[in-house]
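Enquirer: Need the 3D shape of this:
(2 chains)
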Amino acid sequence: MVVGIKDVRQQYGSSVVLNIPSWEVNYGIYWIQGENGAGKSTLFRTLAGMLPYSGTIVLDQKYNLRDHPVDYRLRLNLGEAEPLYPSFLKPADLIAFVAEAKKSPEGQAEELIDVLGINYLKNSFGSCSSGMVKKVSLAIAFLGNPSVIILDEPLITIDKDARRALFRLIETYYCKGVTFLISSHQLFQEEGLSVTDSFTLKNKDLVKLMSV
Amino acid sequence: MKIIFISTVQAFFRQRSGMFFVLMALLFGFLSGREHYAFAVFFLTDSFGMLYLGGIWLLYTMLCLQFIKTLWVQPDYGFIYQSRLWPVSKRVIRFLFMALGFLQPILYYGIYIISIASQNHLLSKIWPVFLWYLLLSIILIVFSEWRIRHPYLYHSKNKTIMNWPFPRPVSWIYWSVEWLLRERGLTILACKAGVFVVFVSTLIYYRTDTYDLRLPAVGLTLGYLLNIGISYELFRWENEIWLWNRSLPFSIASRFNKIVLSHIILIIPETLIAVRYQVLSFLEIFQLYGLGLAMLVLFHAYLYKHSGLLEEMMKPVLIGFVILTLLILYKVPVWGLAGGGLLAAYYLYSKSYGNNKINQQ
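Expert: Below you'll find the predicted structure:
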């Protein structure tokens, strides 16, 4: 079991957004679906340790998010759907910072920058388009030695070349043993990426879909 | 007209208010009235005085030019190029008002110089002030007109003289302080103005008679606590503006250290004022600095407990300050209160971090 969730409950005020009694996945690429507002981004942010929650979240059967906050976060990366970074920072600043925090192997950041075509390292985020910011968020989602990478709507706003590069990256990292949780409204099969299983967020719970 | 003023001039003072804060701290915290007067007389009487003044003002104008240059290439400032559609005369008049808006600090200082000249019967010496006003306004108008005619909507990667010669440090603390100065400058200005008033009042009162450390302990801690607005903005920075950082692998202790270090930096300016007054020994200032820091960090940790709800914070702050005052009056050592405050803050933070509710953007 790579990711395990038990009795996870998430709410904003009195409104319950997630209520997942139990959910587990092994090594693979998983497609998380759900209509707009179903709670996919909230689920991902909760798994990434960004939001308070009740329940238990465990990675690789031993890293509990609450008990091992650093080890857990070293092994799980999140690429947000609509990433927001301080406008005065530059991609070079952010990538260097995250690479250090995630203990990224030497040369990894440069490789990701090259593959994703991030040739605007010295521009501030304030002057970047949403697609440019998105590519940086995707690059930092691969930094370090994660066992799980979550990509929330990775295909929105990025160009065709970046899209192709992203799928190559997913395949490469998957072959290295990384599990992916991906949400998207687009079909992956059209891009040549086969998924292990699909789940949908229904009635605040994760429900397995028929084989895709 | 209004849109240019709000989008450009107001943005300048808002984004550069950190710089204005430093200037104000230097001008009103460290220079006395006599020194201000001496400077003004120097500008008026020295053979090159007005030239020096013009040079300083030109530097400030260059800062304004750089701001316009970088602001108007931002993607959300594309609308500004619609001003090309205005008739030239209207555009020049509007750019003139914009220039006067940028030059406000210079205009105010010019009024001060004129008043000093009037007192000292040196009115014949002030004509260059008006010449500088005219020249600097023209520079801003011409540059704005040039920018509108050359609507580049990208950032040049080439270095300019205004760029820092060194790369931005890859440091959370540096970024936090930079964000505060860039984006929350007005909060800093307002908080620090209050802090300076309380500090100066306390220090002036302290030297009127023989008091022990309890008086500045109460007064300066109150002053330090007026930084809670800045501390609250730091909380928002971590929990709203850059929420994603919570997914990074930092331990609770490491996050707490970063908070303490950020606060250590933030309360240095008023501490320097205390040093400047020379009424307290280094050891006393160190203890008071530690106490102020501890109380501020304790407040910050409380923000986590109450999920950043300021309305729920006022009561604990007031009650806490009353209790602290009593402890100080009953001669509990200041260093002990500082140490205890920091320990309590860490305990509270470690219990509350990760459990506080987040305001989703």
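Enquirer: going forward, measure contacts between C-alpha atoms and count neighbours the same way
Expert: Will do.
Enquirer: which ones are touching B:F286?
Expert: By CA atoms under 8 Å, 6 or more residues apart in numbering or on different chains, no residues touch B:F286.
Enquirer: mind checking how far it is from B:I264?
Expert: 12 Å (CA to CA, to the nearest Å).
Enquirer: for B:E284, same thing?
Expert: Using CA to CA, B:E284 is found at 17 Å from B:I264.
Enquirer: again, but for B:L134
Expert: 44 Å.
Enquirer: neighbour count winner among these two?
Expert: Taking neighbours as other CA atoms under 10 Å in any protein chain shown, B:L134 and B:I264 compare with B:I264 leading, 17 against 12.
Enquirer: Identify each buried residue in the strand or helix carrying A:R164, please.
Expert: If you go by DSSP states H and E, A:R164 is part of helix A:160-175. Going by neighbour count (16 or more other CA atoms under 10 Å in any protein chain shown), the buried part of helix A:160-175 is A:A162, A:R163, A:A165, A:L166, A:F167, A:L169, A:I170, A:E171, A:Y173, A:Y174.
Enquirer: could I get those residues as CSV with distance to B:N120?
Expert: Formatted as CSV, the buried residues of helix A:160-175 follow (distance: CA to CA, whole Å):
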residue, distance to B:N120
A:A162, 70
A:R163, 73
A:A165, 74
A:L166, 73
A:F167, 77
A:L169, 75
A:I170, 77
A:E171, 80
A:Y173, 78
A:Y174, 81
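Enquirer: Looking at these, which is nearest B:T8?
Expert: Distance ranking of those against B:T8, using CA to CA, places A:A162 first at 35.3 Å.
Enquirer: Please name the residues that touch the closest one.
Expert: So A:A162 contacts A:V115, A:L116, A:G117, A:K135 (CA under 8 Å, 6+ apart).
Enquirer: quick one: which of those residues is nearest A:F180?
Expert: Closest to A:F180, out of all of the contacts of A:A162 and judged by CA to CA, is A:K135, at 17.4 Å.
Enquirer: neighbours of that closest one, just the number please.
Expert: Neighbour tally, A:K135, other CA under 10 Å: 27.
Enquirer: quick one: average pLDDT of the helix or strand where it lies?
Expert: A:K135 is part of helix A:130-141 when elements are defined by DSSP H and E. Helix A:130-141 carries an average pLDDT of 94.
Enquirer: Export it to CSV, keeping only CA atoms.
Expert: Extracted in CSV, the C-alpha atoms of helix A:130-141 (Å, rounded to 0.1, in the frame of the first residue of the first chain):
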residue,chain,number,x,y,z
SER,A,130,-0.7,31.2,-16.2
GLY,A,131,0.9,28.6,-18.5
MET,A,132,4.4,29.7,-17.5
VAL,A,133,3.5,29.5,-13.8
LYS,A,134,1.9,26.1,-14.3
LYS,A,135,5.1,24.7,-16.0
VAL,A,136,7.1,25.8,-13.0
SER,A,137,4.6,24.2,-10.6
LEU,A,138,4.9,21.0,-12.6
ALA,A,139,8.7,21.1,-12.5
ILE,A,140,8.8,21.5,-8.7
ALA,A,141,6.3,18.6,-8.3
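Enquirer: where does that helix sit relative to the chain's centre, distance-wise?
Expert: From the chain centre to the centre of helix A:130-141 is a distance of 12 Å (CA atoms, centre = their mean, to the nearest Å).
Enquirer: do stretch A:75-87 as well
Expert: 8 Å.
Enquirer: Low-confidence ranges, chain A, go.
Expert: A:189, A:211-212 (pLDDT under 70).
Enquirer: let's see 80
Expert: A:12-14, A:185-192, A:210-212 (pLDDT under 80).
Enquirer: who in it is up against chain B?
Expert: Residues of chain A that fall close to chain B, judged by CA under 8 Å from any CA of the partner chain: A:48-53, A:69-74, A:77-78, A:84-86, A:88, A:93-94, A:96-98, A:101-102, A:122-123, A:126-129.
Enquirer: now those: which count as buried?
Expert: A:48-53, A:69-74, A:77-78, A:84-86, A:88, A:93-94, A:96-98, A:101-102, A:122-123, A:126-128.
Enquirer: thinking again about what came up before, list the helices and strands the helix holding A:K135 packs on?
Expert: Counting contacts by 3 or more CA pairs under 8 Å, 6 or more residues apart in numbering or on different chains; DSSP states H and E, helix A:130-141 packs against strand A:76-79, helix A:91-101, helix A:108-115, strand A:148-152.
Enquirer: Is B:I265 located within a strand, as I assumed?
Expert: No - secondary structure of B:I265 (DSSP: H, G, I helix; E, B strand; the rest coil): helix, not part of a strand.
Enquirer: name the element the closest residue to B:N227 other than its chain neighbours belongs to?
Expert: Using CA to CA, 6 or more residues apart in numbering or on different chains and skipping the chain neighbours, the partner closest in space to B:N227 is B:C191 (5.6 Å). Using DSSP H and E, B:C191 sits within helix B:185-206.
Enquirer: ok so, going back, restrict the contacts of A:A162 to the buried ones and give me that as a PyMOL selection.
Expert: Applying 16+ other CA under 10 Å to those leaves a buried subset, and the PyMOL line that selects it is:
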select buried, chain A and resi 115+116+117+135
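Enquirer: Out of the contacts of A:A162, the closest to B:F321 would be?
Expert: Distances from B:F321 to those, taken by CA to CA, are shortest for A:K135, at 48.4 Å.
Enquirer: Now for that closest one: which residues touch it?
Expert: Contacts of A:K135 (CA under 8 Å, 6+ apart): A:L116, A:I118, A:I158, A:A162.
Enquirer: follow-up on the earlier one: going by neighbour count, which residues in the helix holding B:C191 are buried?
Expert: B:185-189, B:191-193, B:195-196, B:198-200, B:202-203, B:206.
Enquirer: so, if you compare the residues you listed, which one comes nearest to chain A?
Expert: B:G185 (14.3 Å; CA to the nearest CA).
Enquirer: Was I right to think that closest one contacts B:A11?
Expert: No - the pair B:G185 / B:A11 is not scored as a contact, 10.8 Å apart, by CA atoms under 8 Å.
Enquirer: Tell me how many other residues crowd B:F79.
Expert: So B:F79, with other CA under 10 Å, has 9 neighbours.
Enquirer: was I right about B:I114 contacting B:L123?
Expert: Yes - if you go by CA under 8 Å, B:I114 and B:L123 touch, sitting 7.1 Å apart.
Enquirer: Between the two, tell me which one has more neighbours.
Expert: B:I114 (20 against 15).
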